[in-house]
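J.: I'd like to go over a predicted model; first the sequence, then the structure.
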Amino acid sequence: MKIGMSGGKIKLNKELNDLDKLVLDFVKILDRNKVNYVLVSGYVSILFGRSRSSEDIDLIVEKISKKKFLALWKEISKGFDCITTDDPENAYRKYLAARAALRFSRTGEVIPNMEFKFPKVRLESWVLGNGMEVLLNRRAIRISPVELQIPYKLFLASEKDIEDARYLYRLFKEKLDQELLKYFLKKLDKEGAFNKYLQ
């Protein structure tokens, strides 16, 4: 695996795992339909080589109209099943509009799956507008900035999340925007956890 970082972008060359392939196939549909998204949470550390399993990939998607969602649903349905509901009207009205997530998996499978949701809080909206581009084997995807991902993982605070935060910090320590990292550590009240687990 080779990682390079410049101009706010990360270049990553690696042997793709099943989660990477799922992500690339799914976000290709979002890109084709001009729907903004950002990948967050556990997959970010897995993307950069952390060796652990995950059954889902968290995806924050810009809030789109029902009309645009129904068109997107038709595109997604060509290769994926929604395992939450098979009714697109219900998916939009009872789930997305009600601030709940949908899950999409490859047709005929259940895991792994993509957790698809609109932003619910201001921080998630910020992430959508400030996603970091990763060129994964020359294909562009968008992830949560690492400077937010580390404090967020400390905020979740499970052993797995703390290890994710530690892995990302050690990997990107010399390349991080330290002021942005400090800002989010303070905002999420995780300065103490950072000093305890990562320093």
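T.: Thanks, I have it.
J.: So for stretch 131-139, what gets flagged as buried?
T.: 131-132, 134, 136 (16 or more other C-beta atoms under 10 Å). The C-beta positions use only the backbone N, C-alpha and C, and glycine is treated the same way.
J.: Figure out how far it is from the centre of its chain.
T.: 12 Å (C-alpha atoms, centre = their mean, to the nearest Å).
J.: Same question for stretch 172-186.
T.: Offset of stretch 172-186 from its chain centre (C-alpha atoms, centre = their mean): 19 Å.
J.: Ok, stretch 124-137 next?
T.: With C-alpha atoms, centre = their mean as the basis, the mean position of stretch 124-137 lies at 8 Å from the chain mean.
J.: since we're on residue 130, how many residues are nearby?
T.: Counted with other C-beta atoms under 10 Å, the neighbours of residue 130 add up to 15.
J.: How much space separates the residue lying closest to it once chain neighbours are set aside from residue 174?
T.: Leaving aside its sequence neighbours, residue 130 sits nearest to residue 145 (C-beta to C-beta, 6 or more residues apart in numbering; 6.2 Å). For residue 145, the distance to residue 174 equals 16 Å [C-beta to C-beta, to the nearest Å].
J.: Between those two, which has more neighbouring residues?
T.: Per other C-beta under 10 Å, whichever of residue 145 and residue 174 has more neighbours is residue 145, with 20 against 6.
J.: Would you map the strands across this structure?
T.: In the chain, the segments counted as strands under DSSP state E are 2-6, 9-13, 37-40, 56-61, 80-82, 102-106, 113-117, 132-136, 139-143.
J.: and the first one with strand 132-136, angle?
T.: Strand 2-6 runs at 140 degrees relative to strand 132-136, counting by axes from the mean of the first three to the mean of the last three C-alpha atoms, to 10 degrees.
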